[in-house]
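Chemist: got a predicted structure here, sequence first:
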Amino acid sequence: MLRPLLFALSSSLGLLLACSSDAPSGGGAAGSAGGDAGSDASAGASGAGGAGAAAGAAGTSGAAGSGGAAGSGGCTWDEPSSAEATFPPLLSQTGLYSDILTRTPAADARPYEVAYPLWVDGATLQRWVVLPPGSTIDTCLQDHWRLPVQTKLFIEISQGSTLLETRMLHKTAEGQWAMVAYAWRDDLSDADAVPDGATGVRGTDHDIPPSWDCRYCHSNGRDAALGFSALQLAHQRPGVTLSQLIADGRLSAPPTTTPVVPGTPEQQAVLGYLHANCGACHGEHTSTGSWVTLRLELRLDALSSVEATDTYRTTVGVPLSMALPGPTQRVHPGSLDDSGLYYRVNRRGTSQMPPIGTKRVDTSATAHIAQWIESL
Ligand code: HEC
Ligand code: HEC
């Protein structure tokens, strides 16, 4: 496993350096920052922990940069704009459908699936992406793609045969995204934008999150999309995939290796689940506050083994930073009772994780997490 790691690492360092050329005026300085990050990371390559720390530091300096040309190792990283992006009041006006009555997607709305989906209380999710014609995705940072202006992403949520809502992310300008959900009407003639959210949609117990909740999860990275990523698109299922994007020449710097989540299928399921459902807040660029050092995001340069992942390193045997009634560690090997991570995913209400967007425990995921903790 070491060889592919080093290969991936050195190729991504190559990308960091190569990418500095497209940074606007500050390109020279950004390029040398990339060089520093590179030597740190290669020095740490003999121990995955070292590599992780170096990459984390590079990422942090990028996020703390004053935006614009300031970059993570030469890759531009825009500060999210505080300006409100506008969105059409009706789903039929967003461009997702050529005919909303027959629910025929527009020709340029391409469906895709993700390896590890978001849990929305057992609902079924369907996704589409609209990339502007001829545009290229900036993959300078393979963990944090930056999508072209005018990209639109949609995720449609239904419970059984009941269509509930369609969420939209629309990049209206660099660093600026409209994030809103559309609630379907009972007659399915259209869906209305609900920026303040909605409760008990169409007679179910499903609630639609308000737009500020969207931002809580979707505004922590280099760009807004969470599932439209190298790791999440590295699969063979129908629709847009990582290999198809590479074949179509859509990536500014195609990855040279396919990301593979480490471990047994059981371990992969746990790591992937935590990445998708928790990584947006518990990642390199967290919204949880720096006092919570918990990281559940999978980084492509730390996939050489389960133990090399931030998920393992920041949970197993690590004491909780937020006290809970009972558990004292994040993950106490072999003990569910003393594992705060398990306590929090396995409940709803006070201390639930994730804190928003769900009101039912994902029993299948918690069973996998329980098995994993007991096997440690
Ligand atoms: C609890 C965190 C969370 C909240 C709250 C949330 N999302 Fe997401 N969303 C995710 C994750 C994680 C994915 C990727 C996984 C998937 O596609 O199943 C995702 C996927 C999406 C996608 C597909 C594109 C992408 O990012 O991969 C859209 C569009 C989207 N969300 C819009 C919204 C909107 C609009 C809201 C608010 C109404 C919202 N989301 C609220 C976590 C969240
Ligand atoms: C929308 C953002 C968000 C998401 C998504 C999220 N968390 Fe959190 N998490 C937080 C915040 C904020 C805190 C700190 C406040 C608190 O303790 O409630 C936290 C704290 C924690 C803690 C306590 C860490 C400690 O050392 O005490 C654990 C454990 C945790 N989260 C696990 C998870 C898991 C597991 C998931 C996914 C199933 C998840 N979180 C998803 C925001 C989030």
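Modeler: Sure, I can see it. Ligands and ions are numbered 1, 2, ... in the order given.

Chemist: quickly list the domain ranges of this structure.
Modeler: If you go by automatic domain parsing, the domain ranges for the chain are 2-79, 91-218, 265-375.

Chemist: among those, which is nearest Gln244?
Modeler: domain 91-218 (9.0 Å; CB to CB). Placement of C-beta: from N, CA and C, glycine included.

Chemist: and that closest one, anywhere near ligand 1?
Modeler: Yes. Applying CB under 6 Å from any ligand atom, one finds domain 91-218 in contact with ligand 1 at 114, 117-118, 125, 127, 153-155, 167-169, 179-181, 209, 211, 213-214, 216-218.

Chemist: close to ligand 2, is that domain?
Modeler: Yes. Applying CB under 6 Å from any ligand atom, one finds domain 91-218 touching ligand 2 at Tyr216, Cys217.

Chemist: who does the helix or strand that contains Ser158 pair up with?
Modeler: Using DSSP states H and E, Ser158 sits within strand 152-159. If you go by DSSP bridges, strand 152-159 pairs up with strand 124-130 (antiparallel), strand 162-173 (antiparallel).

Chemist: any low-confidence regions in this protein?
Modeler: Along the chain, segments meeting pLDDT under 70 span 1-73, 79-80, 82, 286-291.

Chemist: now do the contacts for His144.
Modeler: Counting by CB atoms under 8 Å, 6 or more residues apart in numbering, His144 touches Ser72, Trp77, Gly221, Arg222, Asp223, Ser229.

Chemist: what's the answer for Thr86, then?
Modeler: Thr172, Ala178.

Chemist: quick one: it from ligand 2, how far?
Modeler: Thr86 sits 25 Å away from ligand 2, going by CB to the nearest ligand atom, to the nearest Å.

Chemist: and what of Gly227?
Modeler: Taking CB to the nearest ligand atom, one finds Gly227 at 13 Å from ligand 2.

Chemist: give me the distance between that residue and Leu169.
Modeler: Using CB to CB, to the nearest Å, Gly227 is found at 10 Å from Leu169.

Chemist: mind checking the SS state of the most centrally placed residue in the chain?
Modeler: The centre of the chain sits closest to Leu226, judged by CA atoms, centre = their mean, with a distance of 2.9 Å. Recorded secondary structure, Leu226: coil (DSSP: H, G, I helix; E, B strand; the rest coil).

Chemist: hang on, it packs against His218?
Modeler: Yes. Here Leu226 reaches His218: they are 6.4 Å apart, a contact under CB atoms under 8 Å.
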